[in-house]
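Asks: take this sequence and fold it.
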Amino acid sequence: AAASAGNRRAITSSFALLLSLLRDYAACAPAARPSSGKSVSSQSSSAVQFDSELTAEASERMSGLHEASESDRLGELSLGAAKPAAGMSADRVSVLVKLVRLIAHLAIDEETGAKLGSNQELGILIDLLEAVPGDGLAPTTFAEEELQLNILSALTNLTYYEDESNCLLHEQVRLCRLLVPLLLHPNEESKLEAARTLGNLARQPEARNAMCKLRAPDALLMLLEHLSPAVAEGACGALVNVAADSECRAALLGCDALRRLADGMAQLAEATSDACAPASLVLAGKTLCNLLCVPPASGASASGAPCALEAETAQLLWGIVESESVAMLVANWTADEPKREWPQVADTLRKLLTARWPVEMAAADARGGSASRDIL
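Replies: Presented below is the predicted three-dimensional model:
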């Protein structure tokens, strides 16, 4: 029934009842036990299930992220979300899945979604996300994983609306603490929805600062190496907002973001058959523009962090923006927005590279515009 805008608006009149039902069914979820004092990501690496789709290098970095000390990783924040003592009954989870899915569908309509976002009872979605043992480090049932995915979808749709009355935006730090570990979840859809929600939250300064303290930029950069361009697109949607913040730029540069974004763009340029690749390539390019466009003082970014681009990386980027094969690929894109935006992104990168790394670009031109490795 929620498939049409008219029906969604009609159902909204009963939204208070819907949330009341959701809270009633969630109320019987087991009480959370006290935190052990360890963050979720400080569990032993043997308990972490890495994607087979991530490269060995990415898995090694991910392992390092899990083993990092709590003070280095989180600053004053903690990922130690308390876990329930036992799972909810299958029948209760099934009802919760249906109720949360309905909320997610209702939030698709802009008028309806904006109104729903202002309802203070929506905090139950965050409570549920905290209660479901679905971080990938603890065993979950299929039903609990389905519930988690529907909660994430609802959060993605509802955090899209930036109205000051959106109660979910009043819980930015808490949401970030719950979402960042899910970027390392073995389930591809969990990664994707967590990245999309973080991308929405990353429009807010408070959320960007929280993400940097939680080392989200490193995890998001890892997702650029995922074989699914949809996951890479979700990651880039968050990275582009973080890169635009001078206070957060250092966190990205400290993760070797320039090289990793260039490598990600090269990989996305080869994903010729995936519908999400164009948007991912454009977003990765915009992220690089945000990192490189700040006028440096003695080679430093506005945040004080060095903004050095190695010659090989600069030449790789030049090869992408000058590549005839990439130009032909763009000409065949069917998505209007990426097709319209790519020329501007490529031109901006070209100007930045030429102005700030003329020697490297001259060397690339001498090779006919090719990068240090072939594109396509």
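Asks: where do the helices sit along the stretch 251-376 of the chain?
Replies: Ranges of helices within the stretch 251-376 of the chain are 257-269, 277-292, 311-322, 324-331, 336-356, 358-366, based on DSSP state H, counting those that start in this stretch.
Asks: distance of Ala232 from Leu17?
Replies: Applying Cβ to Cβ, to the nearest Å, the value for Ala232 to Leu17 is 40 Å. C-beta coordinates here come from the backbone N, C-alpha and C atoms, glycine included.
Asks: quick one: which of the two has more around it?
Replies: Neighbour count, other Cβ atoms under 10 Å: between Ala232 and Leu17, Ala232 has more, with 31 against 10.
Asks: most packed of the helices of the stretch 251-376 of the chain?
Replies: For the helices of the stretch 251-376 of the chain, ranked by mean neighbour count under the definition mean count of other Cβ atoms under 10 Å, the leader is helix 277-292 at a mean of 25.
Asks: counting contacts, what elements does it pack onto?
Replies: Helix 277-292 is packed against helix 229-243, helix 249-253, helix 257-269, helix 336-356, with contacts defined by 3 or more Cβ pairs under 8 Å, 6 or more residues apart in numbering; DSSP states H and E.
Asks: among those, which comes closest to Gln120?
Replies: Closest to Gln120 of the helices and strands packed on helix 277-292, according to Cβ to Cβ: helix 229-243, at 26.1 Å.
Asks: where do the helices of the stretch 101-250 of the chain begin and end?
Replies: Under the criterion DSSP H, counting those that start in this stretch, the stretch 101-250 of the chain contains helices at 110-117, 123-131, 142-159, 172-179, 188-201, 205-213, 216-223, 229-243, 249-253.
Asks: need these in JSON lines with distance to Ala284 and mean pLDDT, can you?
Replies: Supplementary listing: these in JSON lines, determined by distance: least, Cβ to Cβ, whole Å; pLDDT from 0 to 100:
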{"stretch": "helix 110-117", "distance to Ala284": "27", "mean pLDDT": "87"}
{"stretch": "helix 123-131", "distance to Ala284": "28", "mean pLDDT": "90"}
{"stretch": "helix 142-159", "distance to Ala284": "20", "mean pLDDT": "92"}
{"stretch": "helix 172-179", "distance to Ala284": "21", "mean pLDDT": "96"}
{"stretch": "helix 188-201", "distance to Ala284": "13", "mean pLDDT": "95"}
{"stretch": "helix 205-213", "distance to Ala284": "18", "mean pLDDT": "96"}
{"stretch": "helix 216-223", "distance to Ala284": "10", "mean pLDDT": "95"}
{"stretch": "helix 229-243", "distance to Ala284": "5", "mean pLDDT": "93"}
{"stretch": "helix 249-253", "distance to Ala284": "12", "mean pLDDT": "90"}
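Asks: for Val321, see how far away the nearest residue to Cys293 once chain neighbours are set aside is.
Replies: The shortest distance from Cys293 to any non-neighbouring residue, by Cβ to Cβ, 6 or more residues apart in numbering, is to Leu352 (6.1 Å). Per Cβ to Cβ, Leu352 is found 10 Å from Val321.
Asks: Leu182 now?
Replies: Between Leu182 and Val321 the distance, using Cβ to Cβ, works out to 33 Å.
Asks: go on, Val330?
Replies: When Val330 is compared with Val321 (using Cβ to Cβ), they lie 11 Å apart.
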